[in-house]
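Undergrad: have a look; sequence and predicted model below, questions after that.
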Amino acid sequence: MRGRMMTIQLGGWDPAVLRAIVLAALFFAGALAGHVYAGSCGEAAGAALGEYLDGYCRLYDAGGVEVSMLSCVVMYFGYGLALFVLGFSAAGVALIPALSGVFGFFSMYTISCFVRFYGRAGILLALGALLVRLVFTLPCFLMLAGAAWPLSIELFLLSFGRGKRSAPVLYGSRYFLLFLLCAVILAVGICCERLLTPFLFHLALGEVV
């Protein structure tokens, strides 16, 4: 009886999955850099930052801190709008991954600063200040980056690598609908930021003091 030859075909990497892994890796690399940078600040810079955080906490405890609507819009929509625009530019092939690292850097830098000056209690303060924002902004960032980056790559290849015979880059309705969906999510996030973050931070501050 002749045996049958069996072959196993291994499918290649899904480009979308690979891009998501790269963006996530850059986010965590930026977060690590932010943590290291927060711990390596000199004494003068560290003292100034500590005074700022102490003043911020005292004002918050007294009910004198309220994030303006304009600041909320910038914090929530800044990265998303930048990603959407970069999807129409070949420069996004490098700037979109860079934004992922920058997002991770500043997020972890803020957390690490609280932990550096308040110890374990700083984790509660950082969560009170950033939890609501990250719950809304991070998923939208990853979704928009995952949609904008391949379009930017196609533009880059069209401009520098494939010549005139390449097909034009097509922006389907899905790209615009995704941005609209993220805009709605981020708008809800702004409302939650203004309603919940003061309560959460004040609650965390009560646990610290």
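TA: Sure thing, it's come through.
Undergrad: for stretch 20-31, buried residues please.
TA: Going by neighbour count (16 or more other CB atoms under 10 Å), the buried part of stretch 20-31 is Ala20, Leu23, Leu26, Phe27, Gly30, Ala31. Using the backbone N, CA and C atoms, a C-beta is placed for each residue, glycine as well.
Undergrad: ignore what I typed, I meant stretch 124-143.
TA: For stretch 124-143, burial by neighbour count (16+ other CB under 10 Å) applies to 124-130, 132-133, 136-137, 140-143.
Undergrad: CA-only coordinates of it in PDB, if you can.
TA: Taking Å, rounded to 0.1, in the frame of the first residue of the first chain, the C-alpha atoms of stretch 124-143 are listed here in PDB:
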ATOM      1  CA  LEU A 124      -3.800  55.500  42.100                       C
ATOM      2  CA  LEU A 125      -3.300  59.100  41.200                       C
ATOM      3  CA  ALA A 126      -2.100  58.200  37.700                       C
ATOM      4  CA  LEU A 127      -5.100  56.000  37.200                       C
ATOM      5  CA  GLY A 128      -7.400  58.700  38.400                       C
ATOM      6  CA  ALA A 129      -5.900  61.200  36.000                       C
ATOM      7  CA  LEU A 130      -5.400  59.000  32.900                       C
ATOM      8  CA  LEU A 131      -7.700  55.900  33.100                       C
ATOM      9  CA  VAL A 132     -10.800  57.400  31.400                       C
ATOM     10  CA  ARG A 133      -8.700  59.100  28.700                       C
ATOM     11  CA  LEU A 134      -6.700  56.000  27.800                       C
ATOM     12  CA  VAL A 135      -9.800  53.800  27.800                       C
ATOM     13  CA  PHE A 136     -11.200  56.000  24.900                       C
ATOM     14  CA  THR A 137      -8.100  57.300  23.100                       C
ATOM     15  CA  LEU A 138      -5.900  54.200  23.000                       C
ATOM     16  CA  PRO A 139      -8.300  51.900  21.100                       C
ATOM     17  CA  CYS A 140      -9.200  54.700  18.700                       C
ATOM     18  CA  PHE A 141      -5.500  55.400  18.100                       C
ATOM     19  CA  LEU A 142      -4.800  51.800  17.300                       C
ATOM     20  CA  MET A 143      -7.800  51.500  15.000                       C
END
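Undergrad: ok, residues contacting it?
TA: By CB atoms under 8 Å, 6 or more residues apart in numbering, the surrounding residues in contact with stretch 124-143 are 20, 23-24, 57, 75-76, 79-80, 83, 100, 103, 107, 110-111, 114-115, 118, 178, 182, 185-186, 188-189, 192-193, 196-197, 200-205, 207-208.
Undergrad: list only buried entries from the residues you listed.
TA: The neighbour-count criterion (16+ other CB under 10 Å) marks 20, 23, 57, 75-76, 79-80, 83, 100, 103, 107, 110-111, 114-115, 118, 178, 182, 185-186, 189, 193, 197, 200-201, 204-205, 208 among the contacts of stretch 124-143 as buried.
Undergrad: please point out which parts of the helix or strand that contains Val85 sit buried.
TA: Using DSSP states H and E, Val85 maps to helix 69-86. Buried residues in helix 69-86, counting neighbours by 16+ other CB under 10 Å, are found at Cys72, Met75, Tyr76, Phe77, Tyr79, Gly80, Leu81, Ala82, Leu83, Phe84, Leu86.
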